[in-house]
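Participant: Generate a structure from the sequence data that follows.
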Amino acid sequence: MATVARVPEGFDPNTAQNHQDVSIERQFAVKAVLHAQTYWNILEKVKGTELRLTKLDNEIYEHFQKDFPDVDVSKVIDEEAMKSKAGKDRWRMFMQAYEKKVEDYNFGTLMRNDPKAEYTETTTIFVQRMQFYAIEIARNRLGLNDWIKETVDKEEAKKAKEAEKKDASKVDKAEKAENLEITEEAPAAPAVPTESEKKTDGAPES
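Facilitator: Predicted structure coming up:
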């Protein structure tokens, strides 16, 4: 199993060049970053509890619970334990069960070490695909990734409310301006003569 490594600082898959002089590791990193971006975009639109990562989610989840009962996916993943000889051996045996069941089962993949965090330089580790599936399926089952969509929904609701207030303010201003124009353009009403004016108007009294 490959050693877990952090993503290079400032790495951008959009500017990385896929030429012969670029190392194989670099090309794998490009795919890994794109995979992470895609997964995050999905979590922003769908709650983890409603998400299915593979056709074998149930099997993988039960297998993971059986082989790794000591791994608490709600906490920060112990990277040192994963890189240790014992950790590598445990994960190797786990992953081999999916060699012919899951495509790219051992492909390099980016994963957050903390379910409460986004993908950042300090919270992203490089693992193999089955490690990603095992841990992320468990996180999703426990609702640990639901906060991502909930956060997006709150932000969108806030923006919608602010936009609604702006629209209402514009309508209010437009109505006031229209009423002002009508008032200014309306002709003055003829003055109604008083009783004394009526008496003095025309012939003098006898």
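
Participant: can you give me the helices for this structure?
Facilitator: 24-45, 57-67, 79-83, 85-96, 129-141, 146-185, 195-200 (DSSP state H).

Participant: Relative to residue 121, which of those helices is closest?
Facilitator: Closest of those to residue 121 is helix 24-45, at 12.3 Å (criterion: Cβ to Cβ). For glycine as for every other residue, the C-beta is placed from the backbone atoms N, C-alpha and C.

Participant: so where's this protein shaky on pLDDT?
Facilitator: For the chain, residues meeting the criterion pLDDT under 70 lie at 1-23, 174, 181-206.

Participant: Output stretch 135-143 as PDB - backbone C-alpha positions only.
Facilitator: Extracted C-alpha coordinates of stretch 135-143, given in PDB (Å, rounded to 0.1, in the frame of the first residue of the first chain):
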ATOM      1  CA  ILE A 135     -14.700   5.700   5.700                       C
ATOM      2  CA  GLU A 136     -16.900   8.000   3.600                       C
ATOM      3  CA  ILE A 137     -19.700   5.400   3.500                       C
ATOM      4  CA  ALA A 138     -19.600   5.100   7.300                       C
ATOM      5  CA  ARG A 139     -19.600   8.900   7.600                       C
ATOM      6  CA  ASN A 140     -22.600   9.200   5.400                       C
ATOM      7  CA  ARG A 141     -24.500   6.500   7.200                       C
ATOM      8  CA  LEU A 142     -24.000   8.300  10.500                       C
ATOM      9  CA  GLY A 143     -25.000  11.700   9.000                       C
END
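
Participant: ok, residues contacting that stretch?
Facilitator: Identification of contacts with stretch 135-143 by Cβ atoms under 8 Å, 6 or more residues apart in numbering yields 39, 47-49, 51, 53-54, 57, 60-61, 64-65, 71, 73-74, 77, 111, 115, 145.

Participant: try stretch 77-87
Facilitator: 3, 4, 71, 88, 91, 111, 113, 114, 125, 127, 131, 135.

Participant: I'd like these written out as TSV, with neighbour count added.
Facilitator: Listed next are these as TSV, based on neighbours: other Cβ atoms under 10 Å:
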residue	neighbour count
3	8
4	20
71	17
88	15
91	20
111	24
113	19
114	16
125	21
127	25
131	23
135	21
